[in-house]
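> here is a sequence with its predicted model. Questions after.
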Amino acid sequence: MDEKRAKHLGLMVVVASWLAVFCLFGFRSTFSVLQVPMSTSLHWQASQLTLAYSLMMTVYAVTAYFTGMIIDKWGTRPAYFLGSVCCGLGYLITSFSQSYLGYVLPYAIFAGVGTGMLWVSSTVSVRKWYVGDAYATMWGWAFMGAPVAQVVLSLAAKQVIKTTDWRIAMRGLSVVMFVALVIAGIVAKKNPQDYSLEPFGKVKGRVSKNESKQWTIGQAFSQYPIWGAILAFLGSMLGEFLIWTQVVKFWTTDGGMSLNTATNLYVVIGLVGIFSMPIMGRAADKLVQKYGVEAKARKYMLILAPALGILACLLLLFGKSMIPVEVVACVLFATYWAIEPGGAAGYAGSMYGNKSLGKIWGLATLIVMGIGPAVGSYTGAYLFDISGSYFNSIIFATASFAFSLVIAVTLPLAWKKAEAPASVPEEAGTKAAKL
């Protein structure tokens, strides 16, 4: 295959991942906006509403594990098509709910399965096509779909709510999710080896030495690097999802802002993220080029990210009614956001290679997303319900980011000789798949 065609395939993988991330984070960003009118309409507490979101993230985590095994074999296309149906139904059926179970079950199950098809698919597919000094840059472009969703879908949901209600907003979102993921499934590609291609990217003139290694789940999870990546990622997810799901209500209750002002502040995170995603991705790859050790660059970025999260939480807490201070906090959150999720997957890829990364990162995602988003989101809402203030919730988020930072410091940079399996040759007779 000529180089131009190969690069085109890689770019289509990034486009599909952009759409998947757009839909995944669309669920997260719109929940923070939708829960305020839902609480008013249905007369439920913040913890009751957030429970459905927490359960959705638990289902998401279980689904992500199996998705990792799917993409190692068949690529991302099956996951995106299945995700389109489930994500659409998650919003559509929930919009007709009249009872609490009628709200919790369809949102948790359909949205959970749908979104569970998206995270591992998007991160691992980009990692399989781009390694070394190319991965973070390309992931930065793909991950730009997240802040775009936060800006576009949050503002759209707010506008619909102002003119109609949250049910109509959900039905509109169901159409957006379905169409976007169908397009993602159409443009998605298989893994590069299915086209007899090597991944793009190098580490100081050579392909990463771990790319040819084959791991079993038992081998991978008997070593500290994956557990270190999991714990660092988990700490950040506890804090991140608490902030993401509760921050709009924090500004309207503790900060005394209107819903319109609070939503606009929330959108600032997305606006800054549109630029911080590719910029921080490029910065991370520059570190790879500087050090010549991908794991070292990824580790340093995983230390920086939660440090930004801690500072942002402190500004959020002590400047809750001062809009300029909160804007700075939003900028810091957006910069943190541009680093942590992709950085954790990048570190795992730098240590374990790409051949087995789908199943390894799928199980890691099961652990992290089965705990972090559900516990973080619910804890933030519960602490508010019992105290009437988000002070303790923000403190919890700050401590979670601090835990992530401490674990990131301990991440190893290379294998000891006896730890990693030997390199294995490519399977003979690999044929290029039909385009």
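Thanks, I have the structure now.

> low-scoring stretches of the chain, by residue?
Within the chain, the segments meeting pLDDT under 70 span 1, 203-212, 417-435.

> next structured bit after the helix or strand harbouring A334?
Element membership for A334 (DSSP states H and E) is helix 323-352. Going down the chain from helix 323-352, the next helix or strand is helix 357-387, by DSSP H and E.

> any idea of the angle the helix holding A334 forms with helix 357-387?
For helix 323-352 against helix 357-387, the angle by axes from the mean of the first three to the mean of the last three Cα atoms, to 10 degrees is 150 degrees.

> buried residues in helix 323-352, which are they?
326-352 (16 or more other Cβ atoms under 10 Å). Where you see a C-beta, it was placed from the backbone N, CA and C, and this is true even at glycine.

> which residues touch T67?
Shown in contact with T67 (Cβ atoms under 8 Å, 6 or more residues apart in numbering): A79, G116, M117, V120, S121, G362.

> quick one: the third one from F391, how far?
The spacing between M117 and F391, counted by Cβ to Cβ, to the nearest Å, is 37 Å.

> looking at these two, which is more packed in?
Counted by other Cβ atoms under 10 Å, M117 and F391 do not tie: M117 has more neighbours, with 32 against 15.

> separation between the more buried one and T58?
Remark: distance between M117 and T58 (Cβ to Cβ) = 15 Å.

> and what of Y390?
Using Cβ to Cβ, Y390 is found at 23 Å from T58.

> same check on A220?
From A220 across to T58, the span is 23 Å (Cβ to Cβ).

> quick one, which of these two is more surrounded?
A220 (23 against 19).

> list the buried residues of the helix ranked longest in the chain.
In the chain, taking DSSP state H as the definition, the longest helix is helix 3-42. Across helix 3-42, burial judged by 16+ other Cβ under 10 Å covers 6, 9-10, 12-39.

> same question for stretch 187-202.
Here stretch 187-202 shows 187-195, 197, 199-202 as buried, counting by 16+ other Cβ under 10 Å.

> just the CA coordinates of that stretch, formatted as PDB?
Only the C-alpha atoms of stretch 187-202 are listed here, as PDB (Å, rounded to 0.1, in the frame of the first residue of the first chain):
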ATOM      1  CA  VAL A 187     -15.400   5.500   8.300                       C
ATOM      2  CA  ALA A 188     -13.800   3.300  11.000                       C
ATOM      3  CA  LYS A 189     -10.900   1.000   9.900                       C
ATOM      4  CA  LYS A 190      -9.500  -2.300  11.200                       C
ATOM      5  CA  ASN A 191      -6.200  -2.600  13.000                       C
ATOM      6  CA  PRO A 192      -3.100  -1.700  11.000                       C
ATOM      7  CA  GLN A 193      -1.800  -5.300  10.700                       C
ATOM      8  CA  ASP A 194      -5.000  -6.200   8.900                       C
ATOM      9  CA  TYR A 195      -3.700  -3.900   6.100                       C
ATOM     10  CA  SER A 196      -0.100  -5.300   6.400                       C
ATOM     11  CA  LEU A 197       0.900  -1.900   7.900                       C
ATOM     12  CA  GLU A 198       3.100  -0.900  10.900                       C
ATOM     13  CA  PRO A 199       1.800   1.900  13.200                       C
ATOM     14  CA  PHE A 200       3.000   5.400  12.600                       C
ATOM     15  CA  GLY A 201       5.400   7.100  15.000                       C
ATOM     16  CA  LYS A 202       8.900   6.400  16.400                       C
END
